[in-house]
Every structure is written in structure tokens, then in C-alpha cells.
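Novice: Quick one, structure for this:
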Amino acid sequence: MDLRELVSALNDFASLSLAESWDNVGLLVEPSPPHTVRTLFLTNDLTEEVMEEAMQKRADLILSYHPPIFAPLKRVTWKTWKERLVVRALEHRIGIYSPHTAYDAVPHGVNTWLAKGLGACTSVPLHPSTAPSYPAEGTHRVEFCADDTEHLDTVLSKIKDIQEISCLTTLPVRVEGEEQTRVSLNCSQKALLEVVALLSQNSLLYHKTEILLLQKPLLPHTGMGRLCTLSEPVSLSDIIERIKSHLKLPHIRLAVGMGKTLESPVTKAALCAGSGSSVLKGIEADLYLTGEMSHHDVLDAVANGISIILCEHSNTERGFLSELRNVLAIRLQNNINIIVSEKDRDPLQVA
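Specialist: Numbering: from 1, shown residues only. Sure thing, here's the model as predicted:
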């Protein structure tokens with residue numbers, strides 16, 4: 001399968017527009033074309049040990065959930081481990097693709113997989129994603145009324161000369177018993193300044209002007225984190241066992257909320273794969289489930305009676321790769337070999 005065809009299919013599975021603005025997603029390393037992908041190699045983190053495994057298994061493209069290139073590289077040498085990843089990838093004609101927070105946001109992504117560990121529940125995103133574009137052209141809508149037809153024609157002529165104006169319409173209306181013309185237009189932020197400057201030259205028009213900020217529509221079931229409502233209350237101790245079983249972990253870290261016990265019922269759980277402090281902060285729930293949180297955010301949540309389960313960062317993400325392998329195999333019609341890394345693991349262990 002051609003690399004660019006495969007990348008297009010991966011982008012269709014989870015649009016990169018859903019990723020957080022600070023993230024670095026998509027095709028990060030591309031061998032010179034044409035490049036055929038026969039083996040797709042999945043990993044949560046691309047370490048040097050995992051890169052060696054990918055080379056041994058003759059991978060043509062590595063899908064690394066976490067982007068191995070995040071901070072900009074000023075040079076590509078043998079000096080640092082991340083530079084060496086790029087060198088070895090290019091030497092062995094291996095592409096590197098990272099979806100990261102795009103996979104967090106999609107309805108069939110990492111957070112939805114993590115929520116399965118709670119048992120039967122319904123869930124909604126904690127921070128819903130918006131559509132990548134506005135429902136109409138432009139970021140603002142400007143509306144105003146005028147009763148002087150001759151002067152209005154002059155204003156409209158000047159408005160039409162402004163770049164980035166769209167959906168310009170006029171409509172006869174009756175305002176306080178007088179026949180007037182209502183003008184509506186969409187424009188960009190840049191064009192808005194020119195429109196306002198033009199209208200401000202006529203105080204009557206200017207004082208009848210309304211400016212609306214257009215909002216991108218919310219995408220259903222899509223966004224960061226999940227607020228899960230269990231079908232029936234479950235004790236905290238039972239939730240712990242469910243999570244350990246789902247993530248295949250012998251242990252988790254636990255903070256019991258103030259006034260709560262292991263037998264306290266859990267009805268609502270807020271979760272975020274990876275590092276959840278910023279996503280979970282301020283959310284009302286019985287339980288927070290994530291990989292890691294800052295010490296002070298844990299103290300705040302516990303003081304508010306919220307219990308916390310921490311499983312280490314990548315342990316809340318890695319298990320999704322097996323599900324991803326099966327989904328991609330179907331979407332790609334088994335045209336390529338898909339392998340999940342056996343060397344990839346969380347760097348933290350209990351000693």
C-alpha cells in the first residue's frame with residue numbers, strides 16, 4: 001500500500017484537525033517517495049529499543065501514539081536519542097506517523113476504550129471538540145438597517161470592494177413602522193475592521209449595527225476526556241478491580257476522597273487517558289481516572305471528596321493499540337500486515 005494512501009486512510013479514521021493546537025501530529029518522518037507500506041508497526045512510545053524491534057520486524061511505517069518529535073529539532077545527528085530515531089528511520093526507509101490527541105478526541109478512540117474498564121456506562125466528552133470550519137464563510141456576521149436607499153447603495157458598493165466578504169444579502173423590513181433595508185454579511189476578522197471603519201463614517205448606520213461572532217458547531221461524542229455515568233452504582237473497591245483487569249495491571253495508585261471509603265458508591269467517573277490534571281480539573285464526579293496528576297491537583301480533588309485512580313501515564317493508553325490493530329485491519333481490508341510492539345512499556349516500575 002502506498003504510504004500517502006495509507007496516511008490518508010489513517011487521517012480518515014481520526015482527523016488530525018481534532019488534535020490539540022499544541023500537539024505535533026501526522027506524518028513526522030517520510031522516506032523519499034515512492035514508499036510502499038507492507039508492515040505497519042504500532043507502539044505507544046517510540047524508544048530506541050522499540051525502534052530496534054520495528055527494524056527487526058521490517059516495518060515500513062511506525063504509528064507511534066506519542067509523537068517522538070515534539071520540540072523542534074535544530075539538527076539531526078547521532079548525539080541525542082530522538083535524533084537517532086530519525087536517523088535510523090530514514091536509513092532504513094521507515095516512516096513515522098503520530099496521531100496522539102486526535103485519537104483521544106474521536107468517539108472510537110483512546111478515552112472511549114479506557115471507559116470500557118468502568119463497566120456498563122454512558123459517556124460524554126468533558127471538553128467537546130468543535131468542527132474544523134465555520135458553518136458559513138467568515139468568523140463574524142455584521143447586520144445593520146438603513147432607510148436611505150441612495151446612501152445605502154454607496155455603502156454597499158464600498159463593502160463589495162473589501163476582501164474576505166461573503167454572504168452579502170439585503171432584505172426589506174419594517175422597523176417601527178418605517179420601511180428599511182436590512183443588510184447582512186459574513187466576514188473575516190481582518191475584513192471586520194474595514195467594515196466597522198466604513199460604517200462608523202455614518203453615525204446612523206453605525207448605531208444600528210450588530211456584530212455577531214460565529215461559533216464552530218460542536219461535534220457529537222467527540223472531545224477530550226469523558227464523563228461516565230455508570231448504569232448502576234459500583235463500590236470504589238469494585239471499580240479498582242475492574243480497572244486493574246482492563247489495563248492488565250497488578251496494582252494502581254489510589255487516593256480516597258475526603259469522607260469516602262473503599263465501599264463508597266461510584267456513579268459518575270471522569271477520566272482522561274495519559275496526564276489528566278488540566279482536563280479533569282473542576283469536574284464534578286465521584287472518581288477521577290487517569291494516568292498521572294500533579295500532587296496539588298490530587299490534594300484539591302481529595303479535599304472535594306473525589307477519589308482518584310492513577311495508573312501511570314502510558315498504561316491508560318497502550319491497551320488501545322490491540323483494539324486499533326483490529327479496527328485498522330478491517331478498514332484497510334487486510335491489505336497490510338499490522339503488528340503491535342512487544343517491547344513498548346511504561347518506563348515506571350514498582351521496585
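Novice: Which residues belonging to the longest strand seen in the chain are considered buried?
Specialist: Ranked by residue count and defined by DSSP state E, the top strand of the chain is strand 218-235. Across strand 218-235, burial judged by 16 or more other Cβ atoms under 10 Å covers L219, H221, T222, G223, M224, G225, R226, L227, C228, L230, V234. All C-beta atoms are positioned from the backbone trio N, CA, C, and that covers glycine.
Novice: Can you tell me the strand partners of that strand and which way each runs?
Specialist: Using DSSP bridges, strand 218-235 pairs in its sheet with strand 121-130 (antiparallel), strand 265-275 (antiparallel).
Novice: how about those in CSV, adding mean pLDDT?
Specialist: As requested, those are exported to CSV (pLDDT from 0 to 100):
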stretch, mean pLDDT
strand 121-130, 96
strand 265-275, 98
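Novice: Would you mind finding the most buried of these?
Specialist: Greatest average neighbour count among those goes to strand 265-275 (a mean of 22), per mean count of other Cβ atoms under 10 Å.
Novice: Next, the buried residues of the following helix or strand past that strand.
Specialist: Moving toward the C-terminus from strand 265-275, the next helix or strand (DSSP states H and E) is helix 277-280. Neighbour-count burial for helix 277-280, counted by 16+ other Cβ under 10 Å, picks out S277, V279, L280.
Novice: wait, which of those is closest to E317?
Specialist: Ranked by distance to E317 (Cβ to Cβ), these are led by V279 at 13.7 Å.
Novice: which element is the residue nearest to L198 when sequence neighbours are not counted on?
Specialist: In space, and not counting its chain neighbours, L198 is closest to K158: 5.7 Å by Cβ to Cβ, 6 or more residues apart in numbering. Secondary structure assigned from DSSP H and E places K158 in helix 149-160.
Novice: what comes up buried for that helix?
Specialist: Under the neighbour-count criterion of 16+ other Cβ under 10 Å, helix 149-160 has L152, V155, I159 buried.
Novice: Return the distance of L299 relative to L219.
Specialist: Per Cβ to Cβ, to the nearest Å, L299 is found 34 Å from L219.
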